[in-house]
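Engineer: Take a look and give me a structure for this.
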Amino acid sequence: MQTLRNFFRSPWSSTARLDDKTVIITGANTGIGKETALDLAKRGAKIIMACRDMEKAQVAVKEVIEGSGNENVTCMKLDLSDTKSIREFAEVINKEETKLNILINNAGVMVCPYGKTADGFEMQIGVNHMGHFLLTHLLIDLIKRSAPARIVTVSSMAHAWGAINLEDINSEKGYDKKAAYSQSKLANVLFTRSLAKRLQGTGVTAYSLHPGVVQTELWRHLSGPQQLVMRMISPFTKTSVQGAQTTIYCAVEPTLETESGGYYSDCAPATCSAAATDDDVAQKLWELSCQMLSVSWD
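Structural biologist: Now for the predicted structure:
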């Protein structure tokens, strides 16, 4: 099995350093988020692990410090399913941090039973898209002042199976958990595309990516038959370390400094779906997101 997993290991590597850089990673207490934190900590960055479960986060902080030898690693409470928590988190960051060089929108939920966030959004679009949209909006001025800076959003190949239902973004007229997940991941790609256009000339670049089929806790909501299928293909899936490589690539690869708005997989540019390049839908989604979050972001 290890031999099969080696087949998927990216050949990309970089000695790029991040000394004196500050990085925020959402959902960093487990899976590819934690592996990303460990790698960037080894490169000398100050790491802020933004997590919902502080007990798990504190354990992860200790592991990252021990694994990297970098003491400049902390965790902060962030619940992306609650805009109040997002605003409180951003307020502290804007007050206490002098720079934010890399924001990694990594946290997410996958194919969960129907539920709503504290603000009434369907859980998957609410956490995966709306939460990160608001977080990025609230931190964007700090990020611009820190340029050159990067915003990396973890999407999925599942975006290709999705469509943005602007008339029923919260799936209130009917809920298919896989369709809702794909919609949220398509929203990630469209958000990155729109963001990159708005950031032209600022020195801030944006990227979205597919990490691969990774063995993470995201599988926990899969049904019995789906769990069986995943176990059967597990020898062909990526470990969390392997799954984190494209996120790390987008965060540090020097040649990407002049690129923005692209979609990546296996540490290289990748082709996204036609729906993910629809600028009209991207603009409408941006406007709808601002309206639903009660923010103004031109």
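Engineer: make it CA atoms for all contacts and neighbour counts henceforth
Structural biologist: Fine.
Engineer: quick one, what contacts the residue lying closest to Lys42 once chain neighbours are set aside?
Structural biologist: Distance criterion C-alpha to C-alpha, 6 or more residues apart in numbering; nearest residue to Lys42, sequence neighbours excluded, is Ser68 at 4.7 Å. Ser68 makes contact with 38-39, 41-42, according to C-alpha atoms under 8 Å, 6 or more residues apart in numbering.
Engineer: Next: Lys46.
Structural biologist: By C-alpha under 8 Å, 6+ apart, the neighbours of Lys46 are 19-23, 72-73.
Engineer: export the contacts of Ser68 to TSV and tack on secondary structure?
Structural biologist: Formatted as TSV, those follow (DSSP: H, G, I helix; E, B strand; the rest coil):
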residue	secondary structure
Leu38	helix
Asp39	helix
Ala41	helix
Lys42	helix
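Engineer: Among the residues you listed, which one sits closest to Ser194?
Structural biologist: Of all the contacts of Ser68, Ser194 sits closest to Asp39, with 28.4 Å by C-alpha to C-alpha.
Engineer: coming back round to it: among the contacts of Lys46, which ones are in strands?
Structural biologist: Mapping these onto strands (DSSP state E) picks out 22-23, 73.
Engineer: which one of the residues you listed is nearest Glu253?
Structural biologist: Val23 (14.9 Å).
Engineer: pretty sure the closest one contacts Gly44?
Structural biologist: No: using C-alpha atoms under 8 Å, Val23 is not in contact with Gly44, being 10.4 Å away.
Engineer: Which of those two has more residues huddled nearby?
Structural biologist: The neighbour count for Val23 versus Gly44, taken as other C-alpha atoms under 10 Å, is higher for Val23 (25 against 20).
Engineer: Check what pLDDT the more buried one gets.
Structural biologist: Confidence at Val23, expressed as pLDDT, is 98.
Engineer: repeat for the one 3 residues further on
Structural biologist: In the prediction, the pLDDT value recorded for Thr26 is 98.
Engineer: Quickly note the distance from Ala274 to Gln183.
Structural biologist: Here the criterion is C-alpha to C-alpha, to the nearest Å. By it, Ala274 lies 14 Å from Gln183.
Engineer: Also Thr247?
Structural biologist: 21 Å.
Engineer: what about the stretch 101-250 of the chain, any weak spots by pLDDT?
Structural biologist: 214-236, 238 (pLDDT under 70).
Engineer: any chance you could map the strands in it?
Structural biologist: Listed in chain order, the strands of the stretch 101-250 of the chain (DSSP state E, counting those that start in this stretch) span 102-105, 149-154, 204-210.
Engineer: can you count the residues close to Ser254?
Structural biologist: Let me fix one detail, which is that residue 254 is Pro and not Ser. 12.
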